[in-house]
Every structure is written in C-alpha cells, then in structure tokens.
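# When you get a sec, could you give me coordinates for this:
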Amino acid sequence: MTALAESSGTAAWVAERLDVRLRTTSSPVGLDLTDLVGLAVRRNPRRAHLLVSRVLGKHVPTDPRVVRGAGLLLGEVVRAALGGGDVPPGRGEALLSALSGSAEGFGDVDPREPVPAVVLGYAETATALGQQVAEALGAPVLHSTRRRVPGLEPVGGFEEEHSHATSHLLLPADPTLLRFPGTLVLVDDELTTGRTALNTIAALHAGQPRDRYVVAALVDLRTPDDVAAMTAVAERLGTRIDVVALAAGTVELPDDVGTRAADLIAALDGPAPGRVVPVGATARVPLPWPADLPESARHGWDPADDAARSLAVAVATETLAAALAGDASRVLVLGTEELLDVPQRLAAALADGLPSVDVRFSSTTRSPVLAVDDEGYAIRTALSFDAHDEPEDGPGPRFAYNVAGGGFDVVVVVLDERAGTPAADALLAALATAAPRVLVATLPDAAARVARGRSLPPALHGPEFGSYAADEVSWLLTDLSDVALEAPVEEREEAIQSGGAHYAESLPVEYQPSATYAALFEEALADAAERVALAVGIVTERALAARGGSLTLVSLARAGTPIGILMRRWAQQVHGIDVPHYAVSIVRGRGVDHVALQHVAAHHDPASVLFVDGWTGKGAIARELAAALVEHRATTGVDFPADLAVLADPGHCVTLYGTRDDFLIPSACLNSTVSGLVSRTVLNREILREDQFHGAKFYAELAGADVSNRFLDAVTARFDGVRTAVAAAPAAPDDAPDWRGWAAVERVSVEQGIGDVNLVKPGVGETTRVLLRRVPWKVLVRAGADPADLVHIRHLAAERGVPVEEVPDLPYSCMGLIHPAYTAGATGASGTAVRTVTP
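As a prediction, the model looks like this:
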C-alpha cells in the first residue's frame, strides 16, 4: 500500500458516492485544494465528510519533512500578512516537489526577525502545526489541551462545535502568555465554518482585548455566510480578524449528504481489512531529554528555548537511530494525539540521517473514520484501541489509520511519561499486529513538570535566607522570619496538650549555648570530623551507585541539610559531579511537604531523587516518609523512590547509610547555629496557604554564634584523608534493616512505665534534641558506651537538672525520655498530644 493514493483519486472516490466536490478559489502560493487534501467518510453525525490532509501527517503516513515544511510555509504566509516580509519565491512549488518524493532539506526555515505575535494552536490536529507557525514567526506559542494537570488552573477554555471531541483547555505555565503584546494568531489544520476560532476569540477578547487577530489554516473552506459571520463578530468586538491559508475554496455538499454517508457506512461496515501479520516484538527506548525543557507547547513555548530543543532532538535522534540499527527499510514514527511536534522533528532527523530508510510520520487520533480497502480511497485500514492517556473529557476509543498494511518494518510510537503507562498497552498491542517491531520511545512529561515548576513558589537561598552559600542548598520553605512563633518550651507544650494542637504549629525558643557548651562543640568537632567525613564518603558512594550517577539530593530540614551539603561536596570534590540539593520539610503526622515535592519533580526526574537525613532514631521518619510518598503518588501520579540515606543508622532502619555506630555527630549538638541559622520547620495553616511551602525562620541575629560553615569546612577538610578507607568499604552493605532500634524503644517504654514509644527518643542525636527542645524526664546511657560520645549529653542534662541513669543492653549509646506530663513536645504518632499519667 502506498502512503496515499493520488489526490484526485481520493477526492473522486468520495465524490462519486456522496456527491461531495472540492473547488479551489485562491492560494497565495499557487496550490490547489487537492494538492493538500483528499476526502474520506467520517463516523460523526455532525459532519459526514473528512478532509484527509496530505501534508499534516495525521491520518496518512507522510514524509515528516513535508509535514514540517508545510507548517513552516503556512507560518511564512502569516508572516507576510503581518508585514514581516514576503513568502520566499518558489515555496509552493517546493512543497509540490516534496510531495512527489524530493523532500530532502524541505522542512527547514531560514531565521528571520521575530514578528510581534503570540500563537495559539488547536488540539489535537494543530498542536505541531501551531508550533511550526510560531517557529516561522519567532513567536511564543501555546496549544490547547484536553489533559488537565494537577495544581495548574486553566486560564480559559472553549468549544469546537463540529469536532468529535469538543472541549479545549488553555493551561499556560505563565498565565500572562496570552497577554503577550501583538497579534494573536490562531492556527488550525482546516477552517470549515470558523466558529471554533470565533468562540476562542470571543473568550479571550473579554479578558485581553486586541486590535487584531489572524486565523491561519492549511485550507480555508468557509462559505460566504461564514465569512460574513466572522466580519460581524469583528465589528461587534471592535477588532480586526484576518484569515490566511495555503489554499481556499469550498466543499459542495448535497442536502442529503448525512443520509448518504450513513447508508454508505452501513453498506461497507464489517470486519477490518484482513491484513494480519504475526504479533511483533515490542521494546522500550527511553529518550534522553532535558528535565527542564518542555517536549510540547501544551503549557507554552518560549522561542528562547529553540536552540536547546534542536540539541535535545539531535541527541534523542542518535538514541533512536541506534535502536533502529538493523535491516529496517521502512519506518513509521507515530505521534500520539497532542504530542506531535517533537515526534515530527525526530522523524525528520531520522529521514535526513538514514537516507536508505523510508521514514514516515503519522499519529493517533480521536476521529472515527470509515476505512475502505480501496486504492482510490484515503483511509485504507484502521487500528482501534482504548485511550492511552487521561484526557479531561474521559476515556474513549482512539485510532491509527493506514498503519496496518503500510509495509512498515518498525513502528516507533512516541509517548510521554504520563501516556506511557499500562493504559497504553492496548495501543501497543494494536501496533504489534501491524509491524514486526514496535519501539516505544518515551519522553519525560517535561512540559507539565516545567508548568508546575513555574506555577510554584520559588526556592530560598543564602545569604537572603540561611547562612549556607546559594549553591549549597535550595530551601523549599516559606520565610516566616517576621512571624512570632516562639514560646518557652513548657508553655508551648502545655498549650499544645490542652488544646490538641500540633507540635509543628509553633517553635521552641532557640537554645543559646553557654561558653562551656560551645567549647564542648569545638572539642567534639575536632574529635569527630574524620569519623563524619568517612561516613559521608561511604553513604555518598552508595547513593551514587543506587541512582546510577544521576542523583538529586533532597534533605529533610533541618538535621538532614548539613549532611546533604556534605554529600554534595563529596560528589563534587571526588567525582566532579555537581549534584542538585534541596531541603524540604517533613512533619510527623502530616507527612512531607507536597508542594516542595512538586517543585522538585518540576525540575528533575523523580527517579533520581534520594532523601537524606542526619541519622535514624527508632525509624519514625523513615516510616513517615514512605507513607507520605505513597500519598503523593496517589494524588499527583508522581512516583518518588522511598529509600532514605542517613549518615548514621544506629536503629538499623535503612539500607543507605555511612555507619551504624551511635556516635556524636557535631551538627546534633546545636540547633540553628549549626544548621544554617534556620529554625525547625513549621506547618501552621493559619499563616500558610495550601499552595505554599512549609515554613521556617532565618535567625540572622544569631550570626555571631553561627558555626554552620565551620562544621562543613572541618569535615570537608578530612575528605582526602579518608578516600582509601571509603574505597575499601562495601559498595552495598549486606546487612538488611532489622529495626532492632524500634524493638528496643518498645521495651524501654514498657520498662519505664511510659506506655508510648513517641516519648522515647533513642540515640545521641535524638537525645540531644530532647535536651535542647523538649521537657526531658531522664536520660538513659548504655553501660560501657564511649564517654567521648556522651560528654555534651551529660553537660546538657546537668544544665537542665535531668537525671542520667546507666542501663545495660541498649543498642544505642543513650536514650532521652520526654517528661510524660508534657507530651506535646514529643507528641504521639499524629503529632498531637498524648495524655498520660505523670509517674
């Protein structure tokens, strides 16, 4: 089967049976309607006939360079209408030549000065066409969509009256995109009545009046009444509406065309044409694509990104060409509904790079069309399958025409992450009956990711927020420095206990160390810097191995943040890798900050993310994180790995750790003055909206006591000295988590008569927090524990009058017990007060 029968034949077949005629009236580039379109019969009561484009690459597999060239030619016609220069001579003839088989080099455009305009393309047929027009104009572009994105609100919508799928959403990442100055250019593949364009103009003009609109289409088939209606709307709105097309004319229809079409369909309907081949092999080819580069204009496209897209397409094409290596002689690249522009570019690059291979392009569609296995008819075969994405208007049947029986050795179907789910299995199964090989080329859903990122609050950086350098960490927090949140520990806990408030709704007063305690920190830092450096090196090497070198660190503020910075420094100093690092909030009983996770997912592949904390106690945060990520996946569809990396894992709760020793990590000795001068995180809905990050304070006034960077620098200075020991450590530990720490906490809770594991804080780090932030009851230390690890614990306990008891059989060096009369500081699993009887 050829790609498409001669245009006169495709029009003649329908003309003979339905008495439908195409008449050309004008063309700015010397083309006839039948150069551009043929006719088929549509399964749609709104309209019996279908214009089958020879240059759109939708229903008919077409040379992708012809598809791109036709779109760019339409853009040149629009440019001329806007006074941006004449259409280069001979372009119409070049299109005809390309249609005849000489398409090499046709899909290129010479750069010209940008035209003051913004382009809007229509889903599904004109998504790539709109981008091609915008490319010729050097203008920003948005295309409508039927796919909603969680967290991104539409700025408008409209109806396409004659379409099989009528509703359109406008979801720009930048809500001001459609307020861009200049002419608004609306692009569709065909203009039949103009009502869709008028619906769009009326909706947008109400919010952003413009002096001029241009409606551009490959073919313009409006009647005189339609032209008059558009003129009337322009006069009513006080604006100008121009129409440009590669060819204009009319479709002559008999009055009973609907009946004739129904009768024809009834007469010809039956089993699909019998071109059955053995089921082909299916393989997946993830395409490399920058995480911050949209793969479509679904949420807007900035021409400043054109060069980056060209490079990304070239790299992705190399991957695809390598996957095609073999004896393939005829290849179809199949776009999917709205995802058309990048697949077309990939197909065109393959056609240029593999001259011995006949590369064609077409796409899936919603349009139900009668398939007739007749050489004079445009739609010879049809594959039908369930929807492979999640459109706003719900599921339904989808189609791919002229694929079966097309003689393709390989079909390359291009999907984005969201469409490349199990829902796509029906599509892949259908394609496997049409070709010996099916390659599933997946692109990241970068457009939605970038859109979500642009609609989310920005990250905070030092020195404006925190004392860490701007490149060390991006704080995904809301600055609450000017909000009064602190109260004395006893008052705060009593208030929470009496009202059932959550511990994260307020802050304790920051502990200011005495001169003696500050000296203890310096001594601890000198003693432990090498030990910390060794653990940092081990956990970072394990993290890099776990993520295959593609690593994004997300530390749990604030104890995890200095460890995240040290891991980032190790990766940079030892491997020359610049690892992104974010700090996010996690709150017991409330989970991780979902807005912060959306920010991370908008800028990085979620699979690259590794969460980082300082140490494990009994493992409560590891469990909280895992549960929160399940919830995040259920509500957003974004899947983050749930593994947690820590410097020290004395509780035996995780698989990625630097050591399982319970020793003094100097950053646990202090609060904000060793954590970038940032407070513990806050989640209080009286001051924070749902679309804001969790909050924290920057204690700039404590700069004189800040040792945050001193701690980091002291540990970093020991990196070179521990490289050999790090290299000797196992890349992956062979001892799985057994949660022995949790069992010990449960035992101590019973033995001490507390009855609540949340009042038992195991380990040096957690015991330090009890003494600094809570109302401590007593401290338990393990008989035989290294005294050096407990010097600061004993000092803090003495300052606060807390008894220290030595006990046997602790898996930790020590445990801090919170006073049962003030449960709110430690609180229960929900983060609210646990009422107990005071011993």
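
# helix, strand or coil for I565?
Look at I565: counting by DSSP: H, G, I helix; E, B strand; the rest coil, its state is helix.

# Read off the pLDDT value for it.
At I565 the predicted local confidence, pLDDT, stands at 98.

# got the contact list for it?
By Cβ atoms under 8 Å, 6 or more residues apart in numbering, the contact list for I565 reads Y468, E472, V473, S555, H581, L712. In this view, the C-beta of every residue, glycine as well, is placed from N, C-alpha and C.

# what do you get if the cut-off is 10 Å, keeping everything else the same?
Neighbouring residues of I565 by Cβ atoms under 10 Å, 6 or more residues apart in numbering: 468-469, 471-473, 536, 553, 555, 581, 583, 612, 676, 708-709, 711-712, 715-716.

# Now do the same for the longest strand along the chain: mean pLDDT, whole number.
Identified as the longest strand of the chain according to DSSP state E is strand 240-252. Averaging pLDDT along strand 240-252 yields 94.

# And stretch 257-274, by the same measure?
66.

# any idea how far the closest residue to Q573 other than its chain neighbours is from A725?
Once flanking residues are discounted, Q573 sits nearest to F719: 5.8 Å by Cβ to Cβ, 6 or more residues apart in numbering. Distance, F719 to A725, using Cβ to Cβ, to the nearest Å: 11 Å.

# Now do the SS call for V612.
strand.

# quick one: contacts for it?
Applying Cβ under 10 Å, 6+ apart, the residues near V612 are 539-540, 543, 553-556, 559-568, 581-583, 644-647, 656.

# now, which of the residues you listed lie within helices?
Using DSSP state H, V539, T540, A543, G560, T561, P562, I563, G564, I565, L566, M567, R568 are the members of the contacts of V612 that sit in helices.

# now the residues you listed as JSON lines including distance to L39?
Listed next are the ones in helices among the contacts of V612 as JSON lines, based on distance: Cβ to Cβ, whole Å:
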{"residue": "V539", "distance to L39": "66"}
{"residue": "T540", "distance to L39": "64"}
{"residue": "A543", "distance to L39": "60"}
{"residue": "G560", "distance to L39": "64"}
{"residue": "T561", "distance to L39": "65"}
{"residue": "P562", "distance to L39": "69"}
{"residue": "I563", "distance to L39": "67"}
{"residue": "G564", "distance to L39": "62"}
{"residue": "I565", "distance to L39": "65"}
{"residue": "L566", "distance to L39": "68"}
{"residue": "M567", "distance to L39": "63"}
{"residue": "R568", "distance to L39": "62"}
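
# Among those, pick out the one closest to A628, please.
Checking those against A628 by Cβ to Cβ gives G560 as the nearest, at 14.7 Å.

# Hmm, L553 and that closest one touching each other?
Yes: using Cβ atoms under 10 Å, G560 is in contact with L553, at 9.1 Å.

# From V554, how far off is I586?
In this structure, I586 and V554 are 10 Å apart, going by Cβ to Cβ.

# Which one of those two is surrounded by more residues?
Between I586 and V554, counting by other Cβ atoms under 10 Å, V554 is the more crowded of the two (25 against 22).

# Out of the ones in helices among the contacts of V612, which comes closest to R747?
For the ones in helices among the contacts of V612, the nearest to R747 is G560 (27.6 Å; Cβ to Cβ).

# What is the neighbour count of the closest one?
For G560, the count of nearby residues is 28 (other Cβ under 10 Å).

# quick one: contacts for the closest residue in space to it that isn't next to it in sequence?
Leaving aside its sequence neighbours, G560 sits nearest to D613 (Cβ to Cβ, 6+ apart; 4.0 Å). By Cβ under 10 Å, 6+ apart, the residues touching D613 are 555-557, 559-561, 563-564, 586, 621-622, 625, 644-649, 654, 765.

# Distance of D613 relative to P209?
D613 is 54 Å from P209, by Cβ to Cβ.

# just L556 next, same as before
From L556 across to P209, the span is 49 Å (Cβ to Cβ).

# quick one: which of these two has more around it?
L556 (25 against 10).

# Verify the stated contact: that one with I586.
Yes: shown here, L556 and I586 form a contact pair, counting by Cβ under 10 Å, at 5.0 Å.

# so how far is the helix or strand where A627 lies off the chain centroid?
In the assignment (DSSP states H and E), A627 maps to helix 620-636. Helix 620-636 sits 18 Å away from the centroid of its parent chain (Cα atoms, centre = their mean, to the nearest Å).

# For that helix, the averaged confidence score.
Mean predicted confidence for helix 620-636 is 88.

# and if you look at stretch 694-712?
Mean per-residue pLDDT for stretch 694-712: 94.

# for it, which positions count as buried?
Neighbour counts over stretch 694-712 (16 or more other Cβ atoms under 10 Å) mark 694-699, 705-709, 711-712 as buried.

# ok, so of the residues you listed, who is nearest V87?
H694 (55.5 Å).

# Tell me which of F719 and A725 has more neighbours.
F719 (19 against 13).

# hey, what's in contact with both of L556 and I586?
V592, D593, F611, D613, I621, E624, L625, T681.
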